[in-house]
Structure formats: C-alpha cells, structure tokens
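**Q** 3D, please:
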Amino acid sequence: MDVELTTDAREDMNDFNDEVREKLKTALCDLEEDPTGDERTEVIEVRDRSVFRFRMREGGRGGKIVHRAIFDIRGSKVVVYAIFDRDRSYRKADIRRRF
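**A** Residues are numbered from 1 along each chain as shown. You can find the predicted model right below:
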C-alpha cells in the first residue's frame, strides 16, 4: 500500500529536526506492508469512527524517537492524518481536529 501524508501530517513532519524526520519516514515505510496487522498498530475511536494509531519508537523506553502516527485506510492507500509526540497522541481533542 502507498502511504500518503495529509497537509497537516506533512506540517507535523516539518516541525521535527532532520534526524528525527528521517527516522519517522523510515518507520512510516513499515505501514506499506501490513498497516493494520503490525503489532505497533492499534484501533482508536475518533468522531464515531475507527482509525489507527501507529507507535514509532527508537531505543526502547525513553528512547529518542517516541512518536505516533494517526492513520486510516482509504482504498489502497494508508492516509496519515497526524504525527504527534507520544503524549499528544493520546489527547483526543488534538486527534479530533484532524478529522
């Protein structure tokens, strides 16, 4: 599946430094194979619909990269709506603004 970032998700990526951005891009490539079957993916409810949260981590607990991508499947594409740091990815209000 192709991975497509919305305008908001691209802006999220631009908020990170080059090193973090490259690591996040690499992690997002993992969504191309089996986005909903990956052990790092979980279903969440947003505005009465099911979407997915994908955990991206480097270096285990307390690692340097601890982010989440909020995405959905649209046809044959993985559409990423948001890329947040771990804490922000659990704030429902921040997620709802993207849908």
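**Q** what segments of this protein are strands?
**A** Using DSSP state E, the strands of the chain run over 2-5, 41-46, 49-58, 65-74, 77-85.
**Q** need these in TSV (columns: mean pLDDT, mean neighbour count and distance to Lys23).
**A** Glycine gets a C-beta too; all of them are placed from N, C-alpha and C. As requested, the strands of the chain are exported to TSV (pLDDT from 0 to 100; neighbours: other CB atoms under 10 Å; distance: least, CB to CB, whole Å):
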stretch	mean pLDDT	mean neighbour count	distance to Lys23
strand 2-5	96	15	15
strand 41-46	93	14	18
strand 49-58	89	17	6
strand 65-74	90	20	5
strand 77-85	94	20	12
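**Q** among the ones you listed, which is nearest Ala27?
**A** Nearest to Ala27, of all those, is strand 49-58, at 4.0 Å by CB to CB.
**Q** then the closest one to PDB, C-alphas only?
**A** Extracted as PDB, the C-alpha positions of strand 49-58 are listed here (Å, rounded to 0.1, in the frame of the first residue of the first chain):
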ATOM      1  CA  ARG A  49     -15.200   6.000  13.500                       C
ATOM      2  CA  SER A  50     -12.400   3.600  13.900                       C
ATOM      3  CA  VAL A  51      -8.900   4.800  12.800                       C
ATOM      4  CA  PHE A  52      -5.400   3.600  13.700                       C
ATOM      5  CA  ARG A  53      -2.600   4.800  16.000                       C
ATOM      6  CA  PHE A  54       0.900   3.500  15.000                       C
ATOM      7  CA  ARG A  55       3.700   3.600  17.600                       C
ATOM      8  CA  MET A  56       7.100   4.700  16.300                       C
ATOM      9  CA  ARG A  57       9.900   4.200  18.800                       C
ATOM     10  CA  GLU A  58      13.700   4.000  18.700                       C
END
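**Q** shift numbering so it begins at 819
**A** Right, with 819 as the first residue, what we last looked at is strand 867-876.
**Q** so what strands line up beside that strand?
**A** Using DSSP bridges, strand 867-876 pairs in its sheet with strand 859-864 (antiparallel), strand 883-892 (antiparallel).
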